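Student: I would like the atomic coordinates for the input below:
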Amino acid sequence: MGVSLTAAGERLLPRAEAVLAAARALRDEAGTLAHELAGTLRLGTVADAALTRLGELLSLSVERHPRLKLELHHEVSGVALAKVRASDLDASFYFGPLDDPEVARVRLREIVYRVAAPAEWRARLDAANWSAVAALPWIHTPPVSTHNRLVHTLFREHGVTPARVVEADHESDIVSLVSSGVGLSLMREDLARELERKGEVCVWEPARATTTLWFVYLAARANDPLVAALLGVVRETWGAAPAAIAPAASAAA
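Tutor: Below you'll find the predicted structure:
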């Protein structure tokens with residue numbers, strides 16, 4: 001026996017169908033959300049966003065894992081590594097040597113550093129040897145930083161120690177201080193060459209230092225779903241190069 005609708009029922013039918021469709025969509029979305037990763041990760045940053053591709057990483061993270069929140073903490077490299085070890089950071093960018101078996105890492109790229117000086121010092125540097133360059137005013141970074149260790153290692157090989165005039169812990173501050181004539185410092189080669197082209201600094205060619213940019217996290221958290229998701233985003237952001245995680249005890253910069 002068929003069922004017929006009244007005139008009022010006929011008018012209400014489209015609304016009822018719309019309500020049912022909305023309910024089904026809500027149910028489906030709730031099911032999807034139940035399987036999405038959700039949480040907050042504290043991520044250490046140690047350099048400008050262009051060097052670490054931070055903007056691309058954040059954009060891709062939102063796209064791949066919309067309920068994963070990244071909380072950014074800018075740190076000096078040595079402090080960032082210590083905070084990862086202490087679980088104060090869930091992961092971080094880091095540059096420098098690594099020999100801690102508890103810290104896993106993804107190799108991202110090599111970084112070259114050059115000695116940069118104020119542009120007006122070029123004549124003084126052209127004929128300068130290592131001792132003369134070390135005796136000039138230097139802008140240092142905190143002892144815990146990889147930058148500081150790079151400077152001292154570079155000059156220790158030549159039996160000298162750079163003089164010190166001021167300490168700065170941010171790359172932008174170092175660039176500003178060198179450009180304004182305060183002193184010399186190690187500077188990323190890409191930045192140094194760009195500023196050299198603009199006439200703001202000069203590069204002392206005999207000196208060259210290299211280190212490695214890593215993405216680091218505790219090895220014990222390799223299977224943590226949130227950390228694993230972030231690692232996937234890092235690998236995708238950086239392409240095929242960092243597909244394999246370097247063994248924790250065998251990496252060196």
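
Student: show the end-to-end separation of stretch 192-206, please.
Tutor: 14 Å (C-alpha to C-alpha, to the nearest Å).

Student: quick one: it to chain centroid distance?
Tutor: Computed by C-alpha atoms, centre = their mean, to the nearest Å, the chain-centroid distance of stretch 192-206 equals 24 Å.

Student: repeat that for stretch 121-137.
Tutor: The answer for stretch 121-137 is 33 Å, by C-alpha atoms, centre = their mean.

Student: can you list contacts of that stretch?
Tutor: 115, 117, 155, 158-166, 182-184, 202, 204, 206-207 (C-beta atoms under 8 Å, 6 or more residues apart in numbering). Placement of C-beta: from N, CA and C, glycine included.

Student: which of those count as buried?
Tutor: For the contacts of stretch 121-137, a burial check counting by 16 or more other C-beta atoms under 10 Å picks out 115, 117, 155, 160, 162, 182-184, 202, 204, 207.

Student: helix/strand/coil for residue 100?
Tutor: coil (DSSP: H, G, I helix; E, B strand; the rest coil).

Student: touching, it and residue 85? I think so.
Tutor: Yes - judged on C-beta atoms under 8 Å, residue 100 makes contact with residue 85 at a distance of 6.9 Å.

Student: tell me which of the buried ones among the contacts of stretch 121-137 fall in strands.
Tutor: Judged by DSSP state E, the buried ones among the contacts of stretch 121-137 include 115, 117, 202, 204, 207 as members of strands.

Student: how about those, which pair is most distant?
Tutor: The most widely separated members of these, counting by C-beta to C-beta, are 202 and 207 (12.3 Å).

Student: burial check on the nearest residue to residue 202 once chain neighbours are set aside, number of neighbours?
Tutor: Leaving out its chain neighbours, the residue that sits closest to residue 202 by C-beta to C-beta, 6 or more residues apart in numbering is residue 122, at 4.2 Å. Using other C-beta atoms under 10 Å, the number of residues around residue 122 comes to 14.

Student: and if you look at residue 128?
Tutor: 17.

Student: am I right that it falls within a strand?
Tutor: No - assigned with three-state DSSP, residue 128 falls outside any strand and is coil.

Student: pLDDT weak spots in the chain?
Tutor: 1-35, 240-253 (pLDDT under 70).

Student: how about 80 then?
Tutor: 1-36, 169, 240-253 (pLDDT under 80).
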